[in-house]
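Trainee: give me the fold of what follows.
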Amino acid sequence: MLELKQLCHIYRPATCRGEATRLCFDLEVNKGDIVALIGPSGAGKSTLLAMVAGFLLPDSGRLLIEGSNVEHLHPAKRPLSILFQEHNLFPHLSVFENIGLGLHPGLKLDASQKEEIVVAAAKVGLQNYLERLPEQLSGGQRQRVALARCLLRKRPLLLLDEPFSALDPALHQEMLELVRKLANEQGTTVLMVTHSPDDALKIADKCAFIDQGTIKVFGSARELIEAPQDDALKRYLGQR
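Mentor: As a prediction, the model looks like this:
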């Protein structure tokens with residue numbers, strides 16, 4: 001379970017003339033749910049994700065993952081994995097080694113861990129590419145490597161920061177389906193930032209509409225997007 005309780009960050013202007021902006025979030029996500037964060041640019045989606053990841057410390061509030069307070073933990077100490085737009089692979093390491101970093105940063109792996117890597121590669125369709133370097137892969141294949149590494153860590157929470165936005169439409173949809181399938185298999189909770197309502201419908205159980213630094217609406221992704229009631233959400237979706 002993921003809980004945000006009045007988790008707030010205040011953006012203070014560089015000069016005394018500007019006004020401070022307060023972004024504050026309340027959210028409760030059940031274990032295994034896939035939640036899409038949608039909303040206009042500048043609404044606070046990236047701020048929310050950055051606070052959950054630990055890249056931005058909150059000014060107040062609480063952040064709990066599986067019941068434990070984590071709001072002041074270093075990003076590396078938090079029980080989560082992150083998949084960015086940039087796949088963050090090491091160019092001098094093979095696919096096998098890049099995936100293996102999810103198990104040990106020094107790649108000191110025993111036989112059972114090496115087998116785990118092979119299994120993870122097969123789940124994302126890369127079993128025949130284990131010896132290749134990232135430069136020998138397509139963009140979609142590189143993202144598959146990054147996804148396999150995330151899931152191999154078996155953390156309870158996976159954060160997605162529009163990781164497939166640069167891929168062509170068919171591959172983009174394929175990767176979304178793969179994330180949903182693998183997350184469901186492992187019971188992983190997923191929090192995904194997206195600008196696409198179609199992506200939210202494709203992958204998410206729940207949807208949070210963020211506007212002006214707060215979560216204005218939270219509920220079923222299909223209900224929010226196909227039958228919105230909130231006026232700001234209707235404007236965002238292009239509905240009168």
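
Trainee: what element comes up after whichever strand or helix holds I82 heading to the C-terminus?
Mentor: Element membership of I82 [criterion: DSSP states H and E] is strand 80-83. Of the helices and strands lying after strand 80-83 in sequence (DSSP H and E), the nearest is helix 95-100.

Trainee: same question for that following helix, mean pLDDT?
Mentor: The average pLDDT within helix 95-100 is 94.

Trainee: you'd agree K154 is up against E185?
Mentor: No: K154 lies out of contact with E185 (Cβ atoms under 8 Å); the separation is 11.2 Å. Quick note: C-beta positions are derived from backbone N, CA and C, even for glycine.

Trainee: those two: who's more crowded?
Mentor: Under the criterion of other Cβ atoms under 10 Å, the comparison of K154 against E185 puts K154 first, with 14 against 10.

Trainee: all helices for this protein, in order.
Mentor: Remark: helices assigned in the chain by DSSP state H are 45-53, 95-100, 111-123, 139-152, 169-186, 197-203, 221-226, 231-236.

Trainee: tell me the mean pLDDT for the third one?
Mentor: Over the span of helix 111-123, the pLDDT mean works out to 92.

Trainee: just the buried residues of that helix, please?
Mentor: For helix 111-123, burial by neighbour count (16 or more other Cβ atoms under 10 Å) applies to 116-117, 120-121, 123.

Trainee: out of the residues you listed, which is nearest to A148?
Mentor: A120 (4.4 Å; Cβ to Cβ).

Trainee: that closest one and T189: what is the separation?
Mentor: 19 Å (Cβ to Cβ, to the nearest Å).

Trainee: that older thread, of the helices of the chain, which is nearest E71?
Mentor: So among the helices of the chain, helix 45-53 is nearest, using Cβ to Cβ, at 7.6 Å.

Trainee: alpha carbons only: can I get the closest one in PDB?
Mentor: Taking Å, rounded to 0.1, in the frame of the first residue of the first chain, the C-alpha atoms of helix 45-53 are listed here in PDB:
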ATOM      1  CA  LYS A  45       2.500  15.400 -11.400                       C
ATOM      2  CA  SER A  46       6.300  15.400 -11.500                       C
ATOM      3  CA  THR A  47       6.500  17.000  -8.000                       C
ATOM      4  CA  LEU A  48       4.400  14.200  -6.600                       C
ATOM      5  CA  LEU A  49       6.500  11.500  -8.200                       C
ATOM      6  CA  ALA A  50       9.700  13.200  -7.200                       C
ATOM      7  CA  MET A  51       8.600  13.300  -3.500                       C
ATOM      8  CA  VAL A  52       7.600   9.600  -3.600                       C
ATOM      9  CA  ALA A  53      11.000   8.700  -5.200                       C
END
